[in-house]
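Engineer: Fold the following.
(one chain, ligands or ions: 1)
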Amino acid sequence: MRVLLLGGTTEASALAKTLKIAEIETVFSYAGRTKVPVAQPVPTRVGGFGGLAGLQDYLRAEKITHVVDATHPFAAQMSLNAHNACHSLAVPLLRLERPAWTPQSGDDWVTASDIEAACDALPVEPACVFLAIGRMHVDLFARKPQHHYLLRLVDAPAQPIALAHHTAVIARGPFNVFEDTQLLRDHNITHVVAKNAGGIGAVAKVEAARNLGLRMIMIARPELPDGLVAPDSATVMRWLAHSAERGV
Ligand code: NAP
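Structural biologist: Here you go, the predicted model:
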């Protein structure tokens with residue numbers, strides 16, 4: 001058995017530890033979105049495979065027997081490529097998918113279908129917005145220049161940010177509710193924009209916004225291809241054990 005673990009989430013890193021303890025040969029794969037990714041206890045590769053064909057070549061060359069897709073729920077292209085490559089080569093694939101966050105009674109929560117819709121959902125009058133969506137798409141908010149944006153990024157931005165008024169905080173999760181509540185208070189935040197990543201690594205901002213009664217604009221997850229889904233790493237380990245027993 002030789003597992004390719006597609007990572008980039010807190011849950012993927014936890015699973016890597018479990019696979020190491022279980023002595024299951026594993027290669028961990030990062031997209032390379034951060035300068036210094038979290039070190040893993042298993043051999044690690046960084047960077048794209050080169051689309052579907054590149055991933056197919058990689059799976060063959062590395063003799064990968066199982067793929068676990070534990071990427072971020074918004075990394076839809078990677079999940080689609082994994083689905084298509086595994087299907088074409090008959091390599092078993094399991095997606096580790098953490099449950100989405102859901103609003104609770106009393107939350108001031110608006111769901112946006114995508115990032116553009118989240119920008120539309122911001123008010124006309126100036127607001128202080130915690131834009132908790134990573135670096136890749138923040139420039140889309142330049143069309144609402146009346147707001148002050150608080151960004152939280154893993155690395156200092158390599159290119160200038162196209163937002164007229166912004167503050168960038170450099171920090172790496174997981175975060176806790178106490179710190180995030182303080183952050184939102186310190187910056188007089190009125191609105192929080194987030195991707196519905198689910199899981200524990202980034203939930204603190206959702207709870208902090210709830211505690212402070214702030215408007216939460218939550219971007220819904222993109223559609224992912226149908227396939228086997230595990231809610232937690234224990235289910236992934238059972239799936240691998242079952243595969244090993246059956247010799248597939
Ligand atoms: P994506 O759009 O699904 O992937 C784009 C390309 O990046 C893939 O086609 C693949 O390149 C490469 N890639 C992605 N994940 C990879 C992995 N684990 N190992 C190797 N290559 C990988 O995903 P994205 O561009 O990374 O991000 C899309 C959204 O997810 C963004 O909104 C981002 O904020 C969010 N997100 C991603 C991560 C992450 O670790 N990737 C973490 C947090 C949030 P090839 O086609 O060349 O193979």
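Engineer: how is this protein carved up into domains?
Structural biologist: Listed by automatic domain parsing, the domain ranges of the chain are 2-99+223-246, 108-219.
Engineer: what kind of secondary structure is the residue nearest the centre of the chain in?
Structural biologist: Nearest residue to the geometric centre of the chain (C-alpha atoms, centre = their mean): His72, 2.9 Å. Three-state call for His72 (DSSP: H, G, I helix; E, B strand; the rest coil): coil.
Engineer: Can you tell me the closest non-neighbouring residue to Thr181?
Structural biologist: Closest residue to Thr181 apart from its sequence neighbours, by C-beta to C-beta, 6 or more residues apart in numbering: Ala208 at 4.2 Å. Where C-beta positions appear, they are placed from N, C-alpha and C, glycine not excepted.
Engineer: So the one you found belongs to a helix, correct?
Structural biologist: Yes. Assignment of Ala208 by three-state DSSP places it within a helix.
Engineer: got the contact list for it?
Structural biologist: Contacts for Ala208 (C-beta atoms under 8 Å, 6 or more residues apart in numbering) come out as 177, 180-181, 183-184.
Engineer: these two touch, right, the residue nearest to the centre of the chain and Thr9?
Structural biologist: Yes. Assessed by C-beta atoms under 8 Å, His72 is found in contact with Thr9 at 5.6 Å.
Engineer: shared neighbours of these two, anything?
Structural biologist: Listed as contacting both His72 and Thr9 by C-beta under 8 Å, 6+ apart are Ala197.
Engineer: any idea where the helices of this protein begin and end?
Structural biologist: Per DSSP state H, the chain carries helices over the ranges 10-21, 51-61, 76-89, 115-120, 177-186, 204-212, 233-246.
Engineer: Could you point out which of these sits nearest Pro225?
Structural biologist: Nearest to Pro225 among these is helix 76-89 (4.1 Å), distances taken as C-beta to C-beta.
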